[in-house]
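K.L.:
Got a sequence here, can you model it:
(chains A and B)
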Amino acid sequence: MKLNLLKSSNKPKNSESIWRQPLAVVGIGIIATWTFLAVFAPWIAPFDPNAQDADKFLSPSSVHWMGTDELNRDIWSRIVYGARISLPYSILLVFLSATLGSIVGAISGYAGGKVDSFLMRVTDIFFAFPGIVLAMAVAAALGPQIRNAVIAITIVAWPVYARLVRGLILNAKQNDYVTASALLGSSSRRTMFVDLRPNLSGPVFVLASLEVGNALLLLSGLSFLGLGAQPPTAEWGAMVSMGAANFDRWWVGLFPGLAILTAVLAFNFIGDALRDALDPRTAKALRD
Amino acid sequence: MKEIIKLSDVVVDYYRNGNTVRAVAGVDLTLNSGEILGLVGESGCGKSTLGKAIVGILQPSQGEITFDGQVVKKLTRGQRPSHFRNLQMIFQDPYGSLNPRRKIGVQIADGLLVAGMSKKNALAKAEDLLEKVGLPRAAISRFPHQFSGGQRQRISIARALAASPTAIIADEPISALDTSSQAQVANLLVKLVEEFKMGMIFVSHDLSIVRRISDRVAVMYLGKIVEIGTVDQIWNNPSHPYTKALISAIPHADGNSFMPKDLPGDVPNPLSPPTGCRFHPRCQLAKPDCRISEPRLVRLSDNRDVACVLQNAGTSPNSISLD
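P.N.:
Below you'll find the model as predicted:
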């Protein structure tokens, strides 16, 4: 027993490195693969994703690895090209909603009082709607287009960041170093950017990495419902939608579904690992 | 000697759930350049509150605090006026008073950057200041978690020095440190006060340290100052029963089996302070009169003020005995 204790305490510090976590490595591997496919899509995809040269509903074969869809298009090529929509847009989405939410949360936490109450009630209103329903409403109101889907999802996704950042600011601004900084002549704006911002970046980054998967799901969801990417753009959610309409041809829906599944799962693995790496206390509490 | 800080009849209230807690109930005090004024008292007597009001963290509800001739205003969201940046504070908690996410150097340089110095010069000055407080110049690029409590407190001092202060409020700067660091930090403060000719209010409940480093001592009880005098006067001839009780409660390690005297009872709830003299419920010498009239601070002799009915103005202090 004693020996074990000694042994574990002598473990090198970098055992908490992200590379030591198998799931994180799997996640990074999957995302790296998808990124590679997206970047080199024109060279990797065997066919033009929009070419209607084959027959419709060909089952998977050595020519069409994943078969063809209702409109005679090669599904594997469309999945490869689809990565060019899903990955960058979900990262853009997370970036936009994290920025918007952080700004709202920071103002709310720092200003306090009535401003805080007002902004937090607004946040509550957004929280009260199921995300996909609100996103559908906004996207439908703006018109079905990938750009509008991005706006819709940003509107749905920012409140989590606002809550997080507000809490962090409320917590951090009680510290004496904030007072000390004010005594030295920092205005509250300077305090916010110089003293409080460094306390936010870690947690916001972790939340954002956990949210990439969600954003991808929401974006695919909107496309599935016809409110995101419009035909003939190759997009995974829209492809699953076609699969749902042709349920007897299993390959039409299954492969794009698998693409969404692997990408979301991989983003979540990476997010979990990042949280563990950047917040050692939580990670340790979970392990013990 | 020049008066740097002057308080006249300062009252500080806390408001919570409709109740008003009068943490500081009318304090007159002056601080001169080049001196250390020890502010002592039990926990909850309002000494930290008073310190915070002096620098402008709290707004006094009555009375006036002036720093170098100008009335101190509460901190706002905007920049603190440059005149008042010469009035700095050192905090009790060495962990909360430094930003864990920022390097030491930039934290010290902050005050200089705000004042318009270039980043390069400010960081060079920060190195000088680190050396001044006894830390290596290389510490500039390290983070707070790489330092011990005592070292952190010295970094906080360096940060306050960056504003070239003429007065510093040290709010229990050594209470959270271990004994060896306590002495180091206390000695550093004495050295800096001498070197920069600034005034310092040293808030503490540690009487032996206060005795060692202060020039004058103000004793506070339940929001009021009960006695002010030089260290010698206070220690050798305390003229308020509370001061006497505080001093006899200091443990001595001289091997004569003398046990410190216990002051019975607790500090009363400041929500409903006792009538008359605030100390009378715990005072062994209390007379019926003490329940009715509240004694004012009267001058006994040079630099010597006391608020007790047992002492008459204009005469040398009557000796008091608690036994």
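K.L.:
and residue 20, what are its phi and psi?
P.N.:
Reading this off chain A. phi -90, psi 0 (degrees, to the nearest 10).
K.L.:
try again with chain B
P.N.:
phi -110, psi 120.
K.L.:
Let me know the average pLDDT across stretch A:232-250.
P.N.:
Stretch A:232-250 shows a mean pLDDT of 90.
K.L.:
how far does that stretch stretch from start to finish?
P.N.:
21 Å (C-alpha to C-alpha, to the nearest Å).
K.L.:
and that stretch, which residues are buried?
P.N.:
Using 16 or more other C-beta atoms under 10 Å in any protein chain shown as the test for burial, stretch A:232-250 gives A:233-243, A:249. Just so you know, the C-beta spots here come from the backbone N, C-alpha and C atoms, and that holds for glycine as well.
K.L.:
now stretch B:40-51
P.N.:
So, applying 16+ other C-beta under 10 Å, buried residues of stretch B:40-51: B:40-42, B:44-51.
K.L.:
try stretch B:195-209
P.N.:
B:196, B:198-207, B:209.
K.L.:
export that stretch as PDB, just CAs?
P.N.:
The C-alpha coordinates for stretch B:195-209 follow below in PDB (Å, rounded to 0.1, in the frame of the first residue of the first chain):
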ATOM      1  CA  GLU B 195      13.600  55.600   2.800                       C
ATOM      2  CA  PHE B 196      10.600  57.100   1.000                       C
ATOM      3  CA  LYS B 197       9.500  59.400   3.900                       C
ATOM      4  CA  MET B 198       5.900  58.200   3.600                       C
ATOM      5  CA  GLY B 199       3.300  57.700   6.200                       C
ATOM      6  CA  MET B 200       1.800  54.300   7.000                       C
ATOM      7  CA  ILE B 201      -1.200  53.100   8.900                       C
ATOM      8  CA  PHE B 202      -0.400  49.600  10.000                       C
ATOM      9  CA  VAL B 203      -3.600  47.800  10.800                       C
ATOM     10  CA  SER B 204      -3.000  44.800  12.900                       C
ATOM     11  CA  HIS B 205      -4.200  42.700  15.800                       C
ATOM     12  CA  ASP B 206      -0.700  41.600  16.600                       C
ATOM     13  CA  LEU B 207       0.400  43.900  19.400                       C
ATOM     14  CA  SER B 208       4.000  42.800  19.600                       C
ATOM     15  CA  ILE B 209       4.700  43.600  16.000                       C
END
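K.L.:
that older thread, which of the buried residues of stretch B:195-209 sits closest to A:Leu87?
P.N.:
B:Val203 (57.8 Å; C-beta to C-beta).
K.L.:
thought that closest one was touching B:Ser175?
P.N.:
No. Taking contacts as C-beta atoms under 8 Å, B:Val203 lies outside contact range of B:Ser175: 9.1 Å.
K.L.:
Please identify which helix or strand holds B:Ala23.
P.N.:
With secondary structure defined by DSSP states H and E, B:Ala23 is part of strand B:19-32.
K.L.:
Now do whichever helix or strand comes after that strand: everything it contacts.
P.N.:
Next in sequence after strand B:19-32, counting helices and strands by DSSP H and E, comes strand B:36-40. For strand B:36-40, contacts defined as C-beta atoms under 8 Å, 6 or more residues apart in numbering or on different chains pick out B:29, B:31, B:47, B:50-51, B:189-190, B:193, B:199-205, B:207, B:210-211, B:213-220, B:231, B:246.
K.L.:
now stretch A:201-212
P.N.:
Outside stretch A:201-212, the residues within contact range by C-beta under 8 Å, 6+ apart are A:90-91, A:94-95, A:97-98, A:102, A:157, A:160-161, A:164-165, A:168, A:267-268, A:270-272, A:274-275, A:278-279.
K.L.:
before we move on, back to that, how about CSV for the buried residues of stretch A:232-250, with distance to B:Phe143 added?
P.N.:
Listed next are these as CSV, based on distance: C-beta to C-beta, whole Å:
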residue, distance to B:Phe143
A:Thr233, 48
A:Ala234, 48
A:Glu235, 45
A:Trp236, 44
A:Gly237, 45
A:Ala238, 49
A:Met239, 49
A:Val240, 48
A:Ser241, 51
A:Met242, 54
A:Gly243, 53
A:Arg249, 59
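K.L.:
among these, which are in helices?
P.N.:
Here DSSP state H is the test, and these give A:236-243 as lying in helices.
K.L.:
Include distance to B:Thr66 when you put those residues into JSON lines, please.
P.N.:
Formatted as JSON lines, those follow (distance: C-beta to C-beta, whole Å):
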{"residue": "A:Trp236", "distance to B:Thr66": "70"}
{"residue": "A:Gly237", "distance to B:Thr66": "69"}
{"residue": "A:Ala238", "distance to B:Thr66": "72"}
{"residue": "A:Met239", "distance to B:Thr66": "75"}
{"residue": "A:Val240", "distance to B:Thr66": "73"}
{"residue": "A:Ser241", "distance to B:Thr66": "74"}
{"residue": "A:Met242", "distance to B:Thr66": "79"}
{"residue": "A:Gly243", "distance to B:Thr66": "79"}
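K.L.:
Looking at those residues, spot the one nearest B:Cys290.
P.N.:
For those, the nearest to B:Cys290 is A:Gly237 (82.6 Å; C-beta to C-beta).
K.L.:
Please report the distance of B:Pro295 from A:Gly67.
P.N.:
B:Pro295 sits 98 Å away from A:Gly67, going by C-beta to C-beta, to the nearest Å.
K.L.:
repeat for A:Val165
P.N.:
46 Å.
K.L.:
Same drill for the two, tell me which one is more crowded.
P.N.:
A:Val165 (28 against 22; other C-beta atoms under 10 Å in any protein chain shown).
K.L.:
So that one versus chain B, what's the distance?
P.N.:
Computed as C-beta to the nearest C-beta, to the nearest Å, the A:Val165 to chain B distance reads 15 Å.
K.L.:
Contact partners for that residue?
P.N.:
Contacts of A:Val165 were listed using C-beta under 8 Å, 6+ apart, and they are A:101-102, A:104-106, A:109, A:200, A:204.
K.L.:
Same check on A:Arg189?
P.N.:
A:Arg189 neighbours (C-beta under 8 Å, 6+ apart): B:Arg77.
K.L.:
before we move on, which element is it in?
P.N.:
Assigned by DSSP H and E, A:Arg189 belongs to helix A:188-190.
K.L.:
still on that earlier bit, tell me what the strand holding B:Ala23 is packed against?
P.N.:
Where contact means 3 or more C-beta pairs under 8 Å, 6 or more residues apart in numbering or on different chains; DSSP states H and E, strand B:19-32 is packed against strand B:3-16, helix B:47-55, strand B:62-67, strand B:199-204, strand B:224-230.
K.L.:
Perfect, that will be all.
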